[in-house]
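> Following is a predicted model, sequence given first.
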2 protein chains.
Amino acid sequence: MAGKNKKKARLWKARAKELRRALARLGAGASAPEVSPLAPKGPLTLPPIAGAEFASVAAGVRYAGRDDVMLARLAPGSTVAGVFTRSATRSAAVLDCQAKLAGPADTQAGAAILVNSGNANAFTGRHGQEAVDALGAAVSGRLAVPVERVFTASTGVIGEPLPHGRIAEAIDELSARLSPDGLPDAARAIMTTDTFAKGASAETRVGEVPVHIAGIAKGSGMIAPDMATMLVYIFTDASVAAEPLQEMVRRQADLSFNCITVDSDTSTSDTVMVAATGRSEAPEITDMRSSGAQAFEAALGRVMLDLAHQVVRDGEGASKFVEIAVTGAASDSDAHRVGMAIANSPLVKTAIAGEDPNWGRVVMAVGKSGAAADRDRLSIDFGNIRVAENGWVAPSYDEAEAAAYMKRQELTISVDLGIGTGCATVWTCDLTHRYIDINADYRS
Amino acid sequence: MAGKNKKKARLWKARAKELRRALARLGAGASAPEVSPLAPKGPLTLPPIAGAEFASVAAGVRYAGRDDVMLARLAPGSTVAGVFTRSATRSAAVLDCQAKLAGPADTQAGAAILVNSGNANAFTGRHGQEAVDALGAAVSGRLAVPVERVFTASTGVIGEPLPHGRIAEAIDELSARLSPDGLPDAARAIMTTDTFAKGASAETRVGEVPVHIAGIAKGSGMIAPDMATMLVYIFTDASVAAEPLQEMVRRQADLSFNCITVDSDTSTSDTVMVAATGRSEAPEITDMRSSGAQAFEAALGRVMLDLAHQVVRDGEGASKFVEIAVTGAASDSDAHRVGMAIANSPLVKTAIAGEDPNWGRVVMAVGKSGAAADRDRLSIDFGNIRVAENGWVAPSYDEAEAAAYMKRQELTISVDLGIGTGCATVWTCDLTHRYIDINADYRS
């Protein structure tokens, strides 16, 4: 009997080992959320921005034991600009922010931004706007800022009424906690499925005077209405008139947040807002063409691009960070279209996950993009490896070399269409089993 | 000792059971390709079509031990029509077919179709056209059909030169094997990653005379340039003039093959061709508006839709067949756009794989589609379950009921936009771990 049971134990142990290996091979061994392998190293640090204060608190919107609401107070004189999702089903908070930014602004009154995680307050009928109004009134009353200058956002599950009473009750505590050093904690408070807190900063000079920019972002997947809306808040002590600020944000968003994709899906709540407190000694930027404006816009662009890349690095299930550089297109917009067609192709993304230098799929994605292209003028490089040219595989192409390159964590795919001067660069991640684990799980 | 080993055996057995369940949950228990769970039951049977003969043979293009080339011979008087991929990087065979169909046709000379699997002859530079020319000449010489009436297609790996010599050598044998009963075998010869052979047939009457239609398709994924291009060949004994035949194929393709998606990727070689031999006694169809034309087009449409559905049912990794019916749109094209946005959304597709009635993702997909929509007029049904209306979850909605519905293998998602009379129906499958297994594997 002893021998029989021993043998049984050995057999079952071997079977368990085999199954465990099969699971690990599928990348599904660990079900607990981990930090993305593509996350920046070290803790998030951000400089204070004069005229801006931040607080966060655990209001119990959905998550237990973690901050889930952040408040930003902006000093009198602050200008605010923003770009938002183009979704036809956008959330109440997005519609409210858009209406407020379109109206006349009393910048002397200061401004406030209130963001919660855990509940998106999206597709909640008339309750959506009621919640936005209630929170706007509560912040306005407590901080003595006109309600037209209170901007809110919500991120988390869709279709459930926002427990805005719980958030309103936390506003006294948030107000008491406001601090110039609160931005990193605010970055953590707005996380949902994010695996790391995202922030970036830059410094430049306007009229010889140093100005500072610091921003935070959340998003894991560009884009996932359920739990991973992209929200971005950037603050600067520069003084920038509202109109050029809006123009700069729009332009730089087109070069950063509008050039990333995780899964091609677009949130109902995506928001990018920039607030300029004017508390540095630098002269006000009123003319987009001034050297100060150009320096500031360049620094703002760097912060936005850094944050955009961090969102891709935290893409759901991402194991590779991929830059796709398109040149030689008939126009910049054609180049962008080709880049996004490659970046969104499930076949390209699964090939990258499988470390397969499957350039045929890149050719396919170019072809389906709708952009002008000529099969025989196209060339494709993976890193510095020429893969395809003149309508066929490159004579120098060595599959083993390309396969070795694909094992890297950071990849560049360059496509030259050979027909014009249009160019664009976009960023994406791969499509892995973990993306399906995250998104196929029944909501719980 | 005995007790200890018994306990160990029990523990390891329990652990193995748990791991096996985890694996099964991931749908990855079996790694060998199986027949899609959505495949039609029973063997493929198709009626003979007078004036059309078929043969298939194992030419060893890439696969060993299976047929990989099919030949169809069409009797003198046959008309041929076709629609093709719109890809800008389409294959040499597609370009060749398009050129031949655009030119003047001597229908009295008959026609031939030669298709190989295992190699797509796509993105192979000038070798691509050389291979097409060589095969066209070989078939033309053997069957005494002008080369302008020989249509070829290739499906399989991209970027590798087609071993057209091996195929040309097989043409004698193919020619000797031509038979009216060869269509089901031809369906098998053109398979690549397909898990079942696809065919459909219909019968109708033109001028009181019975006419017959039979077609075959391959495709596993709409769409996968690597190994799963969609090819469709349909044959009829009706007599249809070339122009109305082309118009019918175009129109019915828009309602069938252009309404399906597996992964939003578009092949470089997609081909749908229809040949009408005119060997029935029915009068020739020359006027699209005649009752005979309408009966024929309806039957042709049924065959095309059946084949299109079979392609979705064999979608890579598919475990659910999903119909998405959109009504109340501003236009039919808006409805189609909304349907495809839902059908292509990785978040919707993973939710379906996870049997999660996650209607928030349907709202998101409507919003991102670019079609005119109003959040508060939208309604969504899963099967007969009203899920959302008036900008929020429906009052009658019962999550448990919806979750039970999602466990079915065949699902219908209905979206009414509530703003117009435009409508469209599209079909898709879910996005599972198996899709990633199939497509992330290094080519081998």
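Right, received. Where do you want to start? Residues are numbered from 1 along each chain as shown, chains lettered A, B, ... in the order given.
> so how many other residues sit close to the closest residue to residue A:103 other than its chain neighbours?
Of all residues beyond its chain neighbours, the one nearest residue A:103 is residue A:148 (6.4 Å), with distances taken as CB to CB, 6 or more residues apart in numbering or on different chains. In short, each C-beta sits where N, CA and C put it, glycine included. When counting by other CB atoms under 10 Å in any protein chain shown, one arrives at 17 neighbours for residue A:148.
> quick one: residue A:148 and residue A:105, what's the gap?
7 Å (CB to CB, to the nearest Å).
> Quickly note the distance from the closest residue to residue A:238 other than its chain neighbours to chain B.
Using CB to CB, 6+ apart and skipping residues adjacent in sequence, the residue nearest residue A:238 is residue A:211, 3.9 Å away. In this view, residue A:211 and chain B are 36 Å apart by CB to the nearest CB, to the nearest Å.
> same check, this time on residue A:89
3 Å.
> OK, contacts around that residue?
Going by CB atoms under 8 Å, 6 or more residues apart in numbering or on different chains, residue A:89 touches A:122-123, A:268, B:363-364, B:366-367, B:373, B:375, B:378.
> one more time with 6 Å
Applying CB atoms under 6 Å, 6 or more residues apart in numbering or on different chains to residue A:89 gives the contacts A:268, B:363, B:366-367, B:375.
> Throw the residues you listed into TSV and include secondary structure and pLDDT, thanks.
Formatted as TSV, the contacts of residue A:89 follow (DSSP: H, G, I helix; E, B strand; the rest coil; pLDDT from 0 to 100):
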residue	secondary structure	pLDDT
A:268	coil	67
B:363	helix	88
B:366	helix	91
B:367	helix	85
B:375	coil	84
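> Closest to residue A:397 out of the residues you listed?
residue B:367 (42.5 Å; CB to CB).
> hang on, that closest one packs against residue A:91?
No - at 9.7 Å, residue B:367 does not count as touching residue A:91 under the criterion of CB atoms under 6 Å.
> so which strand or helix has the residue nearest to residue A:39 when sequence neighbours are not counted?
Spatially, and ignoring its direct neighbours in sequence, residue A:39 is nearest to residue A:196 (4.3 Å; CB to CB, 6+ apart). Per DSSP states H and E, residue A:196 falls between elements, in no helix or strand.
> quick one: residue A:196 from residue A:181, how far?
19 Å.
> out of the two, which sits in the more crowded spot?
The neighbour count for residue A:196 versus residue A:181, taken as other CB under 10 Å, is higher for residue A:196 (19 against 11).
> thought the more buried one was touching residue A:37?
No - if you go by CB under 6 Å, residue A:196 and residue A:37 don't touch, sitting 10.8 Å apart.
> With adjacent residues omitted, what lies nearest to residue A:166?
Per CB to CB, 6+ apart, closest to residue A:166 is residue A:59, 5.2 Å.
> Please name the residues that touch the one you found.
Applying CB under 6 Å, 6+ apart, the residues near residue A:59 are A:68-69, A:166-167, A:170.
> Kindly confirm my reading that residue A:434 forms part of a helix.
Yes - according to DSSP: H, G, I helix; E, B strand; the rest coil, residue A:434 belongs to a helix.
> Let me see the confidence value for the spatially closest residue to it that is not a sequence neighbour.
Closest residue to residue A:434 in three dimensions, ignoring its sequence neighbours and counting by CB to CB, 6+ apart: residue A:317, at 3.3 Å. At residue A:317, the model reports a pLDDT of 84.
> same question, residue A:432
87.
> count of residues packed around the spatially closest residue to it that is not a sequence neighbour?
Counting by CB to CB, 6+ apart, residue A:432 lies nearest to residue A:317, which is 4.3 Å off, once chain neighbours are set aside. Residues contacting residue A:317 under the criterion other CB under 10 Å number 23.
> can you pull the buried residues of whichever strand or helix holds residue A:139?
In the assignment (DSSP H and E), residue A:139 maps to helix A:126-143. In terms of neighbour count (16 or more other CB atoms under 10 Å in any protein chain shown), helix A:126-143 has its buried residues at A:127-132, A:134-136, A:138-140, A:142-143.
> same deal with stretch A:84-92?
Per 16+ other CB under 10 Å, stretch A:84-92 contains these buried residues: A:84-85, A:87-92.
> Then stretch A:270-283?
Applying a neighbour-count criterion of 16+ other CB under 10 Å, one finds A:270-280, A:282 buried in stretch A:270-283.
> first to last residue in it, what's the distance?
32 Å (CA to CA, to the nearest Å).
> same thing with stretch A:177-190?
In stretch A:177-190, first residue to last residue: 17 Å (CA to CA).
> got a list of contacts for it?
Applying CB under 6 Å, 6+ apart, the set of residues contacting stretch A:177-190 is A:44, A:46, A:48, A:53-56, A:67-68, A:70, A:73, A:115, A:117, A:197, A:199, A:214, A:216, A:218, A:231.
> And stretch A:71-88, by the same measure?
A:51-55, A:94, A:98, A:101, A:107-108, A:110-114, A:143, A:174, A:178, A:240, A:242, A:245-246, A:249-250, A:253, A:266-268, A:270-278, B:367-368, B:373.
> same question for it, mean pLDDT?
Averaging pLDDT along stretch A:71-88 yields 90.
> Can you dump the C-alpha atoms of it in CSV for me?
Output of stretch A:71-88 as CSV, limited to C-alpha atoms (Å, rounded to 0.1, in the frame of the first residue of the first chain):
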residue,chain,number,x,y,z
LEU,A,71,-7.9,67.8,-5.4
ALA,A,72,-5.7,70.5,-7.1
ARG,A,73,-6.1,74.2,-6.1
LEU,A,74,-4.7,76.8,-8.6
ALA,A,75,-3.8,80.3,-7.5
PRO,A,76,-5.7,83.4,-8.7
GLY,A,77,-4.5,84.3,-12.2
SER,A,78,-4.1,80.7,-13.4
THR,A,79,-5.1,79.9,-17.0
VAL,A,80,-6.4,76.5,-17.9
ALA,A,81,-6.6,74.6,-21.2
GLY,A,82,-7.7,71.1,-22.2
VAL,A,83,-8.3,68.6,-24.9
PHE,A,84,-10.8,65.8,-24.5
THR,A,85,-12.0,62.5,-26.0
ARG,A,86,-13.9,62.8,-29.3
SER,A,87,-16.2,60.0,-28.3
ALA,A,88,-19.8,60.5,-29.1
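> May I see the buried residues of the helix or strand harbouring residue A:298?
Using DSSP H and E, residue A:298 sits within helix A:291-313. By neighbour count on 16+ other CB under 10 Å, the buried set for helix A:291-313 is A:292-293, A:295-297, A:299-313.
> With pLDDT and distance to residue B:346 added, can I get the buried residues of stretch A:270-283 in CSV?
Listed next are those as CSV, based on pLDDT from 0 to 100; distance: CB to CB, whole Å:
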residue, pLDDT, distance to residue B:346
A:270, 80, 17
A:271, 85, 22
A:272, 86, 23
A:273, 90, 27
A:274, 92, 30
A:275, 92, 34
A:276, 94, 37
A:277, 95, 40
A:278, 93, 43
A:279, 94, 44
A:280, 95, 44
A:282, 94, 45
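> Sort out which of the residues you listed are in strands and list them.
Among the buried residues of stretch A:270-283, DSSP state E puts A:271-276 in strands.
> circling back: residues touching the residue nearest to residue A:434, list them.
A:432, A:434-435.
> Need the residue closest to the centroid of chain A.
Centroid-nearest residue in chain A, with CA atoms, centre = their mean: residue A:311, separated by 3.6 Å.
> could you pull out the helices for the stretch 151-300 of chain A?
A:164-169, A:171-177, A:183-189, A:242-255, A:291-313 (DSSP state H, counting those that start in this stretch).
> could these go into TSV alongside distance to residue A:384 and mean pLDDT?
Conversion of the helices of the stretch 151-300 of chain A to TSV gives the following (distance: least, CB to CB, whole Å; pLDDT from 0 to 100):
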stretch	distance to residue A:384	mean pLDDT
helix A:164-169	52	96
helix A:171-177	51	97
helix A:183-189	36	96
helix A:242-255	25	91
helix A:291-313	21	91
